[in-house]
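Peer 1: this one's structure only:
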């Protein structure tokens, strides 16, 4: 999207955002993925628990930072991000095909889950190994957000086979 919209490109390259990401990564960041995350009213579906790093062909030792920026108010009821604080320290977790390619719901400790509501323009920076997701939007309000992923300038790619050996085979249907 940043290649097609100058406003999103400017947002992804905002000096305050890049400065914060660089402090977390430890070197100049490179934007390598941008996404629109849209939940329409009354039925915008959930994104079950997952680790973003499971989708990246980068070594799990590479610090990748996600920036989730609310375009509309993101509330508990309309699908704000929920995270399991500190879960990135557990490292990579096998993902299974259930409602999506996901971490088993039972892997989260419900009392430790934290919802992160944001006002429009609010930003959540998070490690790519943190367990997170978004619930269904059952309100009459839309919930739009953009997400940018940054990697260190020095990062080297791995293969899809190496990634799947760590996170599990996409499409593998199992009972959690």
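Peer 2: Great, that's in hand. From a predicted model like this one, the values you see are computed outputs, not experimental measurements.
Peer 1: tally of neighbours for residue 133?
Peer 2: 20 (other C-beta atoms under 10 Å). Bear in mind the C-beta positions are built from the backbone N, C-alpha and C, glycine included.
Peer 1: again but with residue 20, I slipped
Peer 2: 16.
Peer 1: And it, which helix or strand is it part of?
Peer 2: In the assignment (DSSP states H and E), residue 20 maps to helix 15-25.
Peer 1: Pairing partners for the helix or strand following that helix, with directions?
Peer 2: Counting by DSSP H and E, the next helix or strand C-terminal to helix 15-25 is strand 29-39. Paired neighbours of strand 29-39 in the sheet (DSSP bridges): strand 143-152 (antiparallel).
Peer 1: what angle do the helix holding residue 20 and strand 143-152 make?
Peer 2: Calculated by axes from the mean of the first three to the mean of the last three C-alpha atoms, to 10 degrees, helix 15-25 forms an angle of 50 degrees with strand 143-152.
Peer 1: Scan the helices and strands of this protein for the one with the lowest mean pLDDT.
Peer 2: strand 96-97 (a mean of 85; mean pLDDT, DSSP states H and E).
Peer 1: quick one: pLDDT of the spatially most central residue of the chain?
Peer 2: Taking C-alpha atoms, centre = their mean, the centroid of the chain lies closest to residue 52, which sits 5.0 Å from it. Looking at residue 52, its pLDDT is 97.
Peer 1: what does residue 136 give?
Peer 2: Predicted confidence (pLDDT) for residue 136: 96.
Peer 1: Secondary structure of residue 57: a strand, I assume?
Peer 2: No - assessed by DSSP: H, G, I helix; E, B strand; the rest coil, residue 57 does not belong to a strand; its assignment is coil.
Peer 1: Quick check, residue 145 in contact with residue 66.
Peer 2: No - assessed by C-beta atoms under 8 Å, residue 145 is found out of contact with residue 66, at 11.0 Å.
Peer 1: Neighbour count for these two, which is higher?
Peer 2: Ranked by neighbour count (other C-beta under 10 Å), residue 145 and residue 66 place residue 145 first, with 24 against 21.
Peer 1: any idea how far that one is from residue 78?
Peer 2: Here the criterion is C-beta to C-beta, to the nearest Å. By it, residue 145 lies 11 Å from residue 78.
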